[in-house]
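> need a 3D model of the sequence below.
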Amino acid sequence: MIRSRLGIMMFLQFFIWGGWFVTLGTFMANNLEATGGEIGMAFSTQSWGAIIAPFIIGLIADRYFNAERILGVLHLAGAVLMFGLYTSTDFSTFYPLVLAYMVLYMPTLALVNSVSFRQMEDPGREFARIRVWGTIGWIVAGLMISFVFSWDSTAAIEAGLLRYTFLMCAIASLALGLYSFTLPATPPVAGGGGLREMLGLDALTLLKDRNYAVFFMASVLICIPLAFYYQNANPFLAEIGVENPTGKMTLGQISEVLFMLLLPVFIQRFGIKITLLIGMLAWAVRYVLFAFGNADDGIILLLIGIALHGVCYDFFFVSGQIYTDQRAGERFKSAAQGMITLATYGVGMLIGFWVAGQITERFVMADGHDWQGIWLFPACFALGVLVLFAFMFRGKR
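This is a model prediction of the structure:
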């Protein structure tokens with residue numbers, strides 16, 4: 001019973017995120033007439049949320065309130081802001097709302113984990129079976145947008161129907177906000193995690209290790225290619241005429257689940273360095289496929305590029321979390337995860353979205369974008385990070 005209730009929570013949590021974030025760039029470009037730089041600003045609100053989230057969790061949630069109650073309050077407030085995004089008609093009113101929303105949403109990612117962990121006897125074995133419902137929620141949101149409502153078809157985008165994704169997510173956020181108050185009580189832990197631990201400051205000593213410092217630098221740099229995918233993949237597919245682009249992009253989440261199962265085998269068989277290198281190589285390969293694919297005879301290249309998301313994300317970011325956990329030891333486990341999350345989803349992605357916005361704006365043409373030029377930039381960048389990492393990182397098997 002508890003597992004089912006937590007599964008519903010996870011489903012709604014990631015249904016909300018996947019229901020508007022994937023198509024954000026397409027909506028802004030076509031309905032708000034936003035520039036590449038402005039779209040980059042909107043996507044970077046995720047990073048600002050990731051940077052601010054530890055202050056909300058470390059200073060408020062962990063000390064004074066039940067996790068499920070603050071989760072409910074944040075999602076109810078998020079429903080109001082999401083409805084505001086649905087009614088926005090220009091960037092000047094849209095941006096403050098999306099910034100406020102992400103500042104409230106990003107802390108909920110840690111809160112749903114806290115609620116889940118506190119109800120489990122063996123989180124190591126049980127959590128994956130709960131968390132997978134979040135990925136399913138993201139997939140269902142994309143399939144609904146493309147195959148149920150067809151909001152991302154060319155005609156629908158021109159008619160402004162993509163705006164309804166925000167209304168759909170406002171309803172889901174309202175539902176999760178109310179549902180959160182029915183979840184098992186998750187009172188604050190005595191003393192809380194502490195802001196210093198949440199920010200990962202206690203784990204800075206890990207950077208004295210040469211190999212970990214190289215990995216840390218590569219993690220921040222590889223976020224630049226990652227930002228290109230989040231920001232540009234959906235607008236790219238929609239602009240070149242791919243049918244049901246949002247639904248097709250759910251191939252990435254499906255592959256993420258499959259490659260997650262293969263990840264332990266790769267780490268054990270080939271070691272952490274080779275696994276990380278495979279992840280970085282996948283980023284370069286996928287963007288080359290995007291650069292030379294098209295909506296007609298080259299559609300298979302695009303689909304393979306989308307399906308590589310599981311390798312790109314799992315083999316670098318998830319294996320990087322495992323590597324961080326291993327290097328940190330018992331004393332700095334939580335702090336180390338806080339540090340790497342802040343560095344990647346905070347600082348790294350903030351830089352990445354800015355770069356992606358500038359590059360995208362540079363390749364604007366009269367009838368759209370020079371997508372080949374746009375995609376070759378992160379492909380070369382990822383390859384450069386791979387070469388530096390290969391020569392500088394001397395990890396053992």
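> C-alpha only now, for contacts and for neighbours.
Will do.
> what is the burial count for residue 1?
Neighbour count of residue 1, defined by other Cα atoms under 10 Å: 6.
> how near is it to residue 183?
Counting by Cα to Cα, to the nearest Å, the gap from residue 1 to residue 183 is 11 Å.
> which SSE is the residue nearest to residue 163 when sequence neighbours are not counted in?
The spatially closest residue to residue 163, leaving aside those adjacent along the chain, is residue 86, at 5.7 Å (Cα to Cα, 6 or more residues apart in numbering). Per DSSP states H and E: residue 86 is located in helix 67-87.
> and after that helix, which helix or strand comes next?
Using DSSP H and E, the helix or strand that follows helix 67-87 in sequence is helix 91-118.
> beyond that following helix, next helix or strand please.
That would be, after helix 91-118 and using DSSP H and E, helix 123-143.
> packing partners for that next one?
If you count contacts as 3 or more Cα pairs under 8 Å, 6 or more residues apart in numbering; DSSP states H and E, helix 123-143 packs onto helix 2-18, helix 91-118, helix 245-292.
> and if we set it to 6 Å?
Counting contacts by 3 or more Cα pairs under 6 Å, 6 or more residues apart in numbering; DSSP states H and E, helix 123-143 is packed against helix 2-18, helix 245-292.
> so for the helix or strand just after it, what gets flagged as buried?
Next helix or strand after helix 123-143 toward the C-terminus (DSSP H and E): helix 154-158. Of the residues in helix 154-158, 154, 157 count as buried by neighbour count, 16 or more other Cα atoms under 10 Å.
> send me helix 154-158 as CSV with only the CA atoms.
In CSV, the C-alpha atoms belonging to helix 154-158 read as follows (Å, rounded to 0.1, in the frame of the first residue of the first chain):
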residue,chain,number,x,y,z
THR,A,154,2.8,21.9,-36.8
ALA,A,155,-0.8,23.2,-37.1
ALA,A,156,-1.3,23.1,-33.3
ILE,A,157,1.9,24.9,-32.6
GLU,A,158,0.9,27.7,-35.1
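> what lies in contact with the helix or strand that it is followed by?
Remark: after helix 154-158, the chain's next helix or strand is helix 164-180, criterion DSSP H and E. Helix 164-180 is contacted by residues 16, 20, 68, 72, 75-76, 79, 82-83, 86 when judged by Cα atoms under 6 Å, 6 or more residues apart in numbering.
> ok, which pair from those is furthest apart?
Spanning the widest gap among these are 68 and 86, at 26.6 Å by Cα to Cα.
> these two: who's more crowded?
The neighbour comparison of residue 68 against residue 86 (other Cα under 10 Å) goes to residue 68, with 26 against 19.
> any figure for the gap between that one and residue 187?
Counting by Cα to Cα - residue 68 and residue 187 are separated by 8 Å.
> and residue 160, by the same measure?
Counting by Cα to Cα, the gap from residue 160 to residue 187 is 44 Å.
> same thing with residue 119?
As judged by Cα to Cα, residue 119 and residue 187 stand 12 Å apart.
> then residue 33?
Counting by Cα to Cα, the gap from residue 33 to residue 187 is 45 Å.
> next one: residue 390
Look at residue 390 and residue 187: by Cα to Cα, they are 45 Å apart.
> can you give me the angle the helix holding residue 86 makes with helix 2-18?
30 degrees (axes from the mean of the first three to the mean of the last three Cα atoms, to 10 degrees).
> by contact count, what packs against helix 67-87?
Short answer (3+ Cα pairs under 6 Å, 6+ apart): helix 67-87 packs on helix 91-118, helix 164-180.
> check which helices and strands the first one sits against.
For helix 91-118, the elements it packs on are helix 45-56, helix 67-87, judged by 3+ Cα pairs under 6 Å, 6+ apart.
> select, out of those helices, the one closest to residue 263.
Residue 263 lies closest to helix 45-56 among these, at 25.7 Å (Cα to Cα).
> compute the inter-axis angle for that closest one and helix 91-118.
Interaxial angle of helix 45-56 relative to helix 91-118 (the same axes, to 10 degrees): 50 degrees.
> measure stretch 282-300 end to end?
16 Å.
> next, the buried residues of the helix holding residue 86.
Going by neighbour count (16+ other Cα under 10 Å), the buried part of helix 67-87 is 67-86.
> how many other residues sit next to residue 380?
17.
> confidence score at it?
Looking at residue 380, its pLDDT reads 98.
> quick check, it in a helix?
Yes. According to DSSP: H, G, I helix; E, B strand; the rest coil, residue 380 belongs to a helix.
> per the annotation, how does this structure divide into domains?
The chain breaks down by automatic domain parsing into domains covering 1-184, 194-397.
> test my guess that residue 316 contacts residue 279.
Yes. Look at residue 316 against residue 279 with Cα atoms under 6 Å: they come within range, at 4.8 Å.
> can you list the low-confidence ranges for this protein?
The chain contains residues with pLDDT under 70 at 56-63, 124, 189-202, 329-335, 395-397.
> re the thing from before, quick one: the helix holding residue 86 to helix 164-180, angle?
Orientation check (the same axes, to 10 degrees): helix 67-87 against helix 164-180 gives 160 degrees.
> distance of residue 372 from residue 309?
From residue 372 across to residue 309, the span is 19 Å (Cα to Cα).
> of those two, who's got more company?
Shown here are residue 372 and residue 309; by other Cα under 10 Å, residue 309 has more neighbours (26 against 16).
> ok, the closest residue to that one other than its chain neighbours to residue 176 distance?
In this structure, residue 309 finds its nearest non-sequential neighbour in residue 252, 4.9 Å apart by Cα to Cα, 6+ apart. In this view, residue 252 and residue 176 are 25 Å apart by Cα to Cα.
> any residues touching stretch 383-397, and which ones?
Residues from elsewhere that reach stretch 383-397 (Cα under 6 Å, 6+ apart): 211, 271, 273, 280, 284.
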